[in-house]
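> predicted model and sequence below, questions to follow.
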Amino acid sequence: MSDLYTVVMMQTNRVGIEKREQIREANLNRCLELFGYGARRLAFRGYAPLKLVVFPEVFLQGWNDNAAPYDTIFAKVARDMAITVPGPEIEALAERAREFKTYIAGNVHEVMPDFSEDIAFNCGFIIDPQGEVIYKRHKYCPYLPYRGRDDVSPHDVWDRYLEFMDGKFGRKKGDVLSCMFPVVETDIGKLGYLICNEAFYSEHSRAMALQGCEVLIRSSGMAEPDGSPPQDLWEVTNRAHAAFNTMWVVACAPGHLHVPGNPMNAYPGNSMVVDFHGAITQRIPYPGESVTAAQINIEALRRRRMDPRQNWLTQIRSEAFRTMYDKPIYPINMYNDTLPGDQADRSDAQPIRRFVEDGIFIAPAGPRAG
C-alpha cells in the first residue's frame, strides 16, 4: 500500500480530429513525450513515488462540431473518432504505465463494438501499473446545451447497458449503483471517476463516496465563462465534492483546443488537486499546456474519516430523501431502440414545461429565454 504518493496532472492541448487515424500524430505522440517530463522531473522517488498520472477529458480526440459526412455528430464520433478501450491507443499509454510502474487515468470517446458500433460513450478509464485497463466509467449526465456534441449516456440505453456492463471494469455484479458509478480498490486507494459536467450533480460523487471512494479523479473540458472568475464553477465544484465527501479530488483540466472556430484560450486550464478538507494543495493557475504534481496522503484521509467531527458522510439522515426521486425527471432509455438523431434531441427532452405546470418552477413574466 502506498500511503503517500505523487500524482501528475497532464494539462495537455487537444487537436479536434476528424478520423481516429489522426490520433497519434495530432495528440497521442505529444502526450507520450510529456509523460516522461512529469514522471522524471516531478515525482519524489524516495519520499512520494509517482503512482498516478491523469489526463483531461477527450485528450486524444478533442471535440468536433462538424458532423459531415453524417447527419449527426453522434454518428461522426461513433464511426470515425471513437476508439476501443482497451485498444491500440490505450496500449501506447499502457507501455508508459509499465515503464514507470504507475496508474494512468484518462478520458476518451469510446465505442464498444459488442454493444453497438453506432453508439459512442464518453469514457473515463484507469490503467494499472501492469498495463491492464482495470476501470471504465461512462459519463452519466452529458452536457446538453450543445445539441448532440457530447456522447450517449448509459441512462439513454439503461436496460441494455446494465446487462452488458454488469460486473465489468470495477463494477460489482448485480449492483445498479456500482454499474453506473463504479469504485475500484487499488494499492493507492479506492478510486472513482467524475467527468466534467457531472460535477454539477452532487449525487454523482456521493454515489461513489458511499462506496468508499478515497480519490476522485475528474477529467474535464470546462470552458469559459464557467471555468474562470467570477463564476469559477470549476474550482467551486472541485472543492465542494472534496469537502462534502471527505475525499481527495484530482481535477485535470485541458489546455488549448485546436479546432476551427474555437478561441485558443476558450478553456482556462486551472488543473488542481484538492484535499479532503476542500483546500487546494496544487494547481496550474493559467490556460495552455502544462504539467504539475502534488502529493496524495491516503493514510491522513483514512485517519480523518475516523474522526466523528464534521464527518458529513456518516451524518446523512437518509430517510427524508428516499422519495425525492420517486417521480422520474429526465426520460430514460431514449436510445434503447433507436440511434441518436435530431428527431430525439436531448435538450428538448428536459421536462422544464412540466416543472412549471407542477408548480416547481415559476415561469418568468416576460418571454422565455431561448
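Sure thing, it's come through.
> need the residues that contact the host helix or strand of H204.
Using DSSP states H and E, H204 maps to helix 202-209. Helix 202-209 is contacted by residues 140-141, 177, 180-181, 183, 192, 194, 198-199, 213, 216, 240-241, 244-247, 313 when judged by Cβ atoms under 8 Å, 6 or more residues apart in numbering. For glycine as for every other residue, the C-beta is placed from the backbone atoms N, C-alpha and C.
> just want the angle from the helix or strand just after it to helix 202-209.
Downstream of helix 202-209, the next assigned helix or strand under DSSP H and E is strand 215-219. In terms of direction (axes from the mean of the first three to the mean of the last three Cα atoms, to 10 degrees), strand 215-219 departs from helix 202-209 by 140 degrees.
> now do the helix or strand that strand 215-219 is followed by, average pLDDT.
As assigned by DSSP H and E, the chain's next helix or strand after strand 215-219 is helix 233-245. Taken as a whole, helix 233-245 carries a mean pLDDT of 96.
> so which elements touch helix 233-245?
With contacts taken as 3 or more Cβ pairs under 8 Å, 6 or more residues apart in numbering; DSSP states H and E, helix 233-245 sits against helix 202-209, strand 215-219, strand 248-252, strand 272-274.
> for the helix holding H204, buried residues please.
204-209 (16 or more other Cβ atoms under 10 Å).
> could you do stretch 277-286 as well?
Buried, per 16+ other Cβ under 10 Å, within stretch 277-286: 278, 280, 282-284.
> measure T6 to A199 for me?
Here the criterion is Cβ to Cβ, to the nearest Å. By it, T6 lies 24 Å from A199.
> rewinding a little: among the buried residues of stretch 277-286, which ones are in strands?
280, 282-283 (DSSP state E).
> in CSV: those, plus pLDDT.
Listed next are those as CSV, based on pLDDT from 0 to 100:
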residue, pLDDT
I280, 98
Q282, 96
R283, 96
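> farthest-separated two in the buried residues of stretch 277-286?
Spatially, the most separated pair among these is G278 and I284, at 18.8 Å (Cβ to Cβ).
> so the nearest residue to G288 once chain neighbours are set aside, which of the three states?
Nearest non-adjacent residue to G288, counting by Cβ to Cβ, 6 or more residues apart in numbering: G255, 4.8 Å away. Secondary structure, DSSP: H, G, I helix; E, B strand; the rest coil: G255 is coil.
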